[in-house]
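Colleague: Sequence plus the predicted model coming up.
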Amino acid sequence: MDAAPPTNTLGEYLRARRGLVAPERVGLPAGPHRRVAGLRREEVALLAGISADYYLRLERGRDSNPSVQVLEALARVLQLDDVETAYLVSLTAPRPRPRTSRPRPTERVPARLHHLLAALDVPAFIEGRYFDVLASNPAAVALSPRLVPGQNRLRSLLLDPEEREFQAAWEDAVVSFVAAARQTLGDDVGDPRAVELIGELSIASTRFRTLWARHDIRKLEGGTASINHPLVGALTLHREKLPVGDVILVVYYPDAASDAAEKLRLLGSLGAGASAGADAAAGAGADARVGGDGSRG
């Protein structure tokens, strides 16, 4: 199989980011006759202290080896933060493309993390590189059925109407998740799973396509989750995302003695009751199938 055609990720990133910078934010008049969103190429070049011709070559992929100093000047003009600047610099690093797609090893959850999940009485689950739920505890499943193993957090957020209702700050969550996906998955055309996931979401979600084209970069870290739960109503939980080897431990927990803590306890008891009821029903079904002398009925 031939190698994948070269991409111009640097040029795409520069175009996307300059389109998000309003002229007045860098001291330029907006003017009534601007034909482009954000900054013009020549404006970026002027503010960065480089020639307009050189900047044009960068955007069009004719020069892929700018100095770090040039990239840092462009990052300043484009108002990139430290994470975004590091991403910009990384786009010029040599990245050989494989001749064939390379499937990644199956993501596995170490036994010690299964033990840890079982020991936690707050919602917790293990998330993989592609935002798959790899393992979860009963409290997580009681919080949301979309936290069972096998679900994909990014797909649920963008395509599941129930998850959209569940997330009180859905738009903020989507922006953060897509930016984190860009940071984690990037444009690795040699990773079949990443290509499949990004392709699926690009076809199915207009919002994803728009955000993916912006090239936002963000580390998906801890914070606060605002939830509209269908059974217990609104609750606010702290969220921690803790790297453990190649996977992420995600934990949701409330403030002590808070309304959210009481609601989590209620959800836990409801989940335990449902589980016990299912076990009882299964047992009753087995008794009905087996006669008192052990013969099949």
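Modeller: Received it, and whenever you're ready, just let me know what you need. Residues are numbered from 1 along each chain as shown.

Colleague: number of nearby residues for residue 9?
Modeller: 18 (other C-beta atoms under 10 Å). Every residue, glycine included, has its C-beta placed from N, CA and C.

Colleague: if I read this right, it contacts residue 91, doesn't it?
Modeller: Yes: Residue 9 is within contact range of residue 91, at 5.3 Å (criterion: C-beta atoms under 8 Å).

Colleague: So what's the residue count around the residue lying closest to residue 181 once chain neighbours are set aside?
Modeller: Of all residues not flanking residue 181 in the chain, residue 154 sits nearest, at 6.0 Å (C-beta to C-beta, 6 or more residues apart in numbering). Number of residues near residue 154 (other C-beta under 10 Å) recorded here: 22.

Colleague: so residue 154 sits right up against residue 177, yeah?
Modeller: Yes: judged on C-beta under 8 Å, residue 154 makes contact with residue 177 at a distance of 5.6 Å.

Colleague: where do the contact lists of these two overlap?
Modeller: Listed as contacting both residue 154 and residue 177 by C-beta atoms under 8 Å, 6 or more residues apart in numbering are residue 131.

Colleague: in this structure, what spans have low per-residue confidence?
Modeller: Scanning the chain for pLDDT under 70 picks out 1-6, 94-105, 187-189, 271-297.

Colleague: Let me see the domain layout of it.
Modeller: 9-90, 111-277 (automatic domain parsing).

Colleague: Pull up the gap between residue 116 and residue 140, please.
Modeller: Remark: distance between residue 116 and residue 140 (C-beta to C-beta, to the nearest Å) = 13 Å.

Colleague: quick one: which of the two has more around it?
Modeller: Taking other C-beta under 10 Å, residue 116 and residue 140 do not tie; residue 140 has more neighbours (26 against 18).
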